[in-house]
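Visitor: Model the following, please.
(chains A and B)
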Amino acid sequence: MRVLVIEDERTLAAQLAQALTEASYAVDVAHNGVDALHAGETGEFDAAILDLGLPRLDGITVLKRWRAGGRNMPVLILTARDNWHEKVAGIDAGADDYLTKPFHMEELLARVRALIRRAGGHARAELACGPVVLDTRSGRVTVAGRGIALTSHEYRVLDYLMHHRNEIVSRSALVEHIYAQDFDRDSNTVEVFIARLRKKLPANLIETVRGLGYRLACEE
Amino acid sequence: MSLPDRLRESLRVRLLAGTLLWILATIAVAGWGLGVLIRDHVERQFRAELRIHLDQLTASLVIGRDGAPELSGPLSDPRLARPYSGLYWQVDRAAAGAAPSAAGVLRSRSLWDQVLQVPHDEQRDAQLQEHRVPGPDGTWLRTLERVVYPAERPGQGMRLIVAADERAMAEPVRRFRATLWVALGLLAIGLAAAAVLQVVVGLAPLARLQRELAAVREGRSQLMSGSFPAEVRPLVDEFNAVLAQNSEIVARARTLAGNLAHALKTPLSVLANAARAGGEGDLARLVRDQVESARRQVDYHLKRARSAAATRIPGARAAVLPVVEGLVRAMARIHADRRLELAVRPVEDGLAFRGEEQDLQEMVGNLLDNACKWARRRVELEAKRADGRLIVAIDDDGRGIAHDRRRDIVLRGARADERVEGSGLGLAIVDELARLYGGEVRLEDSPLGGVRALLTLPAAA
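Guide: You can find the predicted model right below:
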C-alpha cells in the first residue's frame, strides 16, 4: 500500500513517513501544495495524509482539484485547525476523515488503515482469503492460525492483493502501490516477491492471469 | 408616563406639543386683539351717531314766545318717535354752574313717561359730556350732553341730552365675536391638522430607521438598507460601518486564533511524536506529559479566544438546515467506522439562529460529535422553534452519563471517559458559546437510553 504524505513542516513529515514505513506502507512525501497536486495526479496512492496550511497552494484546493480530476484515493486531513466550520469545509471538499494536531501516531495509523480498508469495501480490520488471514492492525499474517514471517515488500504485495481479492491486479499496479516514487523500480522484482509469497502461502492461492497480471483466488 | 417624561422621550410629542401650544396662543391673541378692535370701532360709531343726533337737536331747539324751549320741527330719526325704542333725547333747564332746576322740560316721544336722571357736571358752554345712566325697563343708556345758552335768554342754560341703549352697541360686537371665534376655531383645527401631518411625514424616516434597526437586531438583515434623508443618512452610514467593522474584527480574531493554533500545534505534534519514538526513558515521559499538558492548555485558551471573539454581532443570522446538513455529512465520514444511524428530523423551513454561523456550527458540531462517540447504533437530531427560541436536541443510545457528573462535564470540560479521543473541552465550549448568546446547554436522559444534549439559543425572525 502506498501513501502520500503532504506536510510542510519537515520534521513532522519525516516522523509521519517513518511511522508509516514502519507500518509497511510505501511512503511519498510532498512539502507544498503544488508538488502535492502533481504527485496525487500522477501517482497511484492508496491513501493521502493532507495538511491544510500549505505553501504555494492550500490543502483544500489541492483536494478539490484531485477530486475534480477523478482521483478517488481516501484522504485524511491532518491540521491544527479544529473548528467544525473547517472540518465541514474539508469533508465537503472531498476528504474522508479529519484528524487534528497534535495527534497520537497510533490514532493516525488506525485511521489510515480504516480508510484504506473502507475504500476497498471491507468492513472488518481482518482480511481473510481461505485459510490466510491478514490483520491490518497488527500487520500479522496467519495461515490456518499459524503465523508466517513476511518481509516488508512481501507484506505490501500480499496486503494489496488481499484488499483486491478476486480481482485481476496488473504487475504495473502492484509496482505503483508497493514502491514510493523515488524508489528504483524494477517490475521484475514483483515476480520475485510473488514467487516468495507462493512458497509461504497455500498452493494456487495466487493465480497468474496470462498477459494481465495476478489474481488472489478466494472462496467467498 | 407624565407629560414632561413624554416630552423628553419622544420627538413627536415634543414637536406636536410645541406646535399646538403655539397655534393656540396665536389664535387666542388674534381673537382677543380683533375683539378689542371691533369693540372700539363700534363704540366710536355709536358715539358719532349720538353726536349727530345731539347736533340735530341743538340745531332744532328754539325758545318759544313764552320763554319755553321747543323744537322747530321733528327730528329725522323715526326711533325718536317710537316709545322705548332705545334712542332718546331730553332738554333740561339748567341754572348756570348749578344743578338743573328742572329735568325733562322737553323730551322725545320715545321716552314716553320717563325722565332721564343725568348727573350734573361742572361744565362750560358747548362742552360735550358723556354718562351712563339707567333707562326704561332696566336698560342702560349712554348719554351725550351739551349745555347751551340761547341768545334770547342769556343766563338761563339749557342742557341738551341724547341717549341710546347700550345694547345697540353690544349686539353687533357680540355677533361679530361669535363669527370671529368660529372662524378662528376652524383655522386652529386646520393648523393643528397640518402640524400633525407635518410631524408624521417629517418623522417618517425615523420610524423607518427604527424598523430597519429592529430588523438588524432580530437578525432579519445584515445591514440597514433603504434611502434616508440627508439628516439621517450619516447616522445610518456610521451604524453600518460599525456593523461591518464588528464582523471584520470577529473574522480577524478567528483567523488569528486559527493561525496561532497552526503555529503551536504543529511543533507540539513533532515533539509528541519524537518523545513517543524515544521509548520509555524519563526524558521521553517528561516531554510526553508536558506536551499533553501544553496541548490541553493551547486547546483551552484558543477555544476561549475564539468564543470570546464571538461577541453578538447585531444582524448576524445563520440558517439551521445547511449547518446541520454539513455537520451530518462530516460526522458520517469521521465516524464512518462506527456505522451509526444518523437521523435528522425534518427542520422547519427558514429556521435560523440569531448569531454567527460558525458559532452554531461549533456548538452543534461538538454536541453531535460527542453523541457519535458515545452512541451504540443511533443518533437523532431535532431542531425546532419554541417561544422564539431555537431548540436543538441531540440524542444518543449510548450508556449515558451519571447525573452527578453532568455538571462537571459541562462546566469544567472534564472528560467523560479518558479512553475516548478528544480534548474534553467540547461541552465547556458549547456551554460558553451558548451563554454568550443568552442560551444554554443541558444534559438530560434520552428516550433512546443515552444522553440528550439540549441546546437552547435565540432564534432569528
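Visitor: Report how many residues lie close to residue B:443.
Guide: 21 (other CB atoms under 10 Å in any protein chain shown). C-betas here are computed from N, CA, C, even on glycine.
Visitor: give me phi/psi at it?
Guide: The phi and psi torsions at residue B:443 (degrees, to the nearest 10) take the values phi -110, psi 130.
Visitor: contacting residues around the residue nearest to residue B:217 when sequence neighbours are not counted?
Guide: Leaving aside its chain neighbours, residue B:217 sits nearest to residue B:314 (5.2 Å; criterion: CB to CB, 6 or more residues apart in numbering or on different chains). By CB atoms under 8 Å, 6 or more residues apart in numbering or on different chains, the contact set of residue B:314 is B:216-217, B:219, B:243, B:246.
Visitor: which of those residues count as buried?
Guide: Buried residues within those, counting neighbours by 16 or more other CB atoms under 10 Å in any protein chain shown: B:216, B:219, B:243, B:246.
Visitor: which element is the closest residue in space to residue A:150 that isn't next to it in sequence on?
Guide: Nearest residue to residue A:150, sequence neighbours excluded (CB to CB, 6+ apart): residue A:141, at 5.9 Å. Assigned by DSSP states H and E, residue A:141 belongs to strand A:140-143.
Visitor: Against residue A:207, how distant is the residue of the stretch 1-150 of chain B found nearest chain A?
Guide: Going by CB to the nearest CB, chain A is nearest to residue B:9 of the stretch 1-150 of chain B, at 43.1 Å. With the distance defined as CB to CB, to the nearest Å, residue B:9 ends up 92 Å from residue A:207.
Visitor: coming back round to it: can you dump the C-alpha atoms of the strand holding residue A:141 in CSV for me?
Guide: Extracted C-alpha coordinates of strand A:140-143, given in CSV (Å, rounded to 0.1, in the frame of the first residue of the first chain):
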residue,chain,number,x,y,z
ARG,A,140,0.3,-10.2,11.2
VAL,A,141,-0.4,-12.8,8.6
THR,A,142,-1.6,-16.3,9.6
VAL,A,143,-2.2,-19.4,7.6
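Visitor: got the buried residues for it?
Guide: residue A:141.
Visitor: what mean pLDDT would you report for the next helix or strand after it?
Guide: For strand A:140-143, the following helix or strand on the C-terminal side (DSSP H and E) is strand A:146-148. When pLDDT is averaged over strand A:146-148, the result is 87.
Visitor: In terms of secondary structure, what does strand A:146-148 contact?
Guide: When contacts are defined as 3 or more CB pairs under 8 Å, 6 or more residues apart in numbering or on different chains; DSSP states H and E, strand A:146-148 packs onto strand A:140-143.
Visitor: Repeat the analysis, applying 6 Å as the threshold.
Guide: If contacts are counted by 3 or more CB pairs under 6 Å, 6 or more residues apart in numbering or on different chains; DSSP states H and E, strand A:146-148 sits against no helix or strand.
Visitor: quick one on the thing from earlier: ok, the strand holding residue A:141: who's next to it in the sheet?
Guide: Using DSSP bridges, strand A:140-143 pairs in its sheet with strand A:132-135 (antiparallel), strand A:146-148 (antiparallel).
Visitor: can you list the weak-confidence ranges in chain A?
Guide: Within chain A, the stretches with pLDDT under 70 are A:123, A:182-185, A:187, A:220.
Visitor: How is it partitioned into domains?
Guide: The record's domain parsing of chain A by automatic domain parsing lists A:2-119, A:126-216.
Visitor: Give me whichever of these is most buried.
Guide: domain A:2-119 (a mean of 20; mean count of other CB atoms under 10 Å in any protein chain shown).
Visitor: quick one on the thing from earlier: quick check, the residue nearest to residue A:150 in contact with residue A:134.
Guide: Yes - counting by CB atoms under 6 Å, residue A:141 touches residue A:134, with 5.1 Å between them.
Visitor: Excluding covalently adjacent residues, which one is nearest to the residue in chain A positioned nearest to chain B?
Guide: Closest residue of chain A to chain B, CB to the nearest CB: residue A:84 (3.0 Å). Using CB to CB, 6+ apart and skipping residues adjacent in sequence, the residue nearest residue A:84 is residue B:365, 3.0 Å away.
Visitor: Let me know whether the one you found touches residue B:327 as I believe.
Guide: Yes - counting by CB under 6 Å, residue B:327 is a contact partner of residue B:365 at 5.2 Å.
Visitor: Neighbour count: these two, which is higher?
Guide: Per other CB under 10 Å, whichever of residue B:365 and residue B:327 has more neighbours is residue B:327, with 27 against 24.
Visitor: I'd guess that one is in a helix, am I close?
Guide: Yes - according to DSSP: H, G, I helix; E, B strand; the rest coil, residue B:327 belongs to a helix.
Visitor: Check it and give its pLDDT.
Guide: Value listed for residue B:327 in the pLDDT field: 93.
Visitor: and it, what is it in contact with?
Guide: B:364-365, B:368 (CB atoms under 6 Å, 6 or more residues apart in numbering or on different chains).
Visitor: switch the cut-off to 10 Å
Guide: A:84-85, A:87-88, A:91, B:334, B:342, B:344, B:360-361, B:364-369, B:381 (CB atoms under 10 Å, 6 or more residues apart in numbering or on different chains).
Visitor: Could you list which of these belong to helices?
Guide: A:84-85, A:87-88, A:91, B:334, B:360-361, B:364-369 (DSSP state H).
Visitor: Which members of the residues you listed are the farthest-apart pair?
Guide: B:334 and B:360 (18.5 Å; CB to CB).
Visitor: Settle it for me: which of those two has more neighbours?
Guide: For residue B:334 and residue B:360, the more surrounded residue by other CB under 10 Å is residue B:360, and the numbers stand at 28 against 22.
Visitor: Residue B:279: neighbouring residues, count only.
Guide: Neighbours of residue B:279 using other CB under 10 Å come to 9.
Visitor: helix/strand/coil for it?
Guide: Taking three-state DSSP, the label given to residue B:279 is coil.
Visitor: Surely it touches residue B:287?
Guide: No - with contact defined as CB atoms under 10 Å, residue B:279 does not count as touching residue B:287 (11.4 Å).
Visitor: Quick one: distance of stretch B:203-217 to the chain centre.
Guide: 13 Å (CA atoms, centre = their mean, to the nearest Å).
Visitor: for stretch B:26-44, same thing?
Guide: That offset, for stretch B:26-44, works out to 38 Å (CA atoms, centre = their mean).
Visitor: buried sites along that stretch?
Guide: B:27, B:31, B:34, B:38-39, B:42.
Visitor: Grab the CA positions of that stretch and hand them over as CSV.
Guide: The C-alpha coordinates for stretch B:26-44 follow below in CSV (Å, rounded to 0.1, in the frame of the first residue of the first chain):
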residue,chain,number,x,y,z
THR,B,26,-51.6,82.8,18.4
ILE,B,27,-55.3,82.1,17.9
ALA,B,28,-56.1,83.4,21.4
VAL,B,29,-54.1,86.6,20.9
ALA,B,30,-55.6,87.2,17.5
GLY,B,31,-59.1,86.6,18.8
TRP,B,32,-58.6,89.0,21.7
GLY,B,33,-57.0,91.7,19.6
LEU,B,34,-59.7,91.6,16.9
GLY,B,35,-62.3,91.7,19.6
VAL,B,36,-60.8,94.8,21.1
LEU,B,37,-60.5,96.4,17.7
ILE,B,38,-64.1,95.8,16.7
ARG,B,39,-65.4,96.9,20.1
ASP,B,40,-63.5,100.2,19.7
HIS,B,41,-64.8,100.6,16.2
VAL,B,42,-68.4,100.0,17.1
GLU,B,43,-68.2,102.3,20.2
ARG,B,44,-66.8,105.1,18.0
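Visitor: which outside residues touch it?
Guide: By CB under 10 Å, 6+ apart, stretch B:26-44 touches B:142, B:166, B:168-173, B:175-177, B:180-181, B:183-185, B:187-188, B:191-192.
Visitor: From the residues you listed, keep the buried residues only.
Guide: By 16+ other CB under 10 Å, the contacts of stretch B:26-44 give B:142, B:166, B:168-169, B:172-173, B:176, B:184, B:188, B:191-192 as buried.
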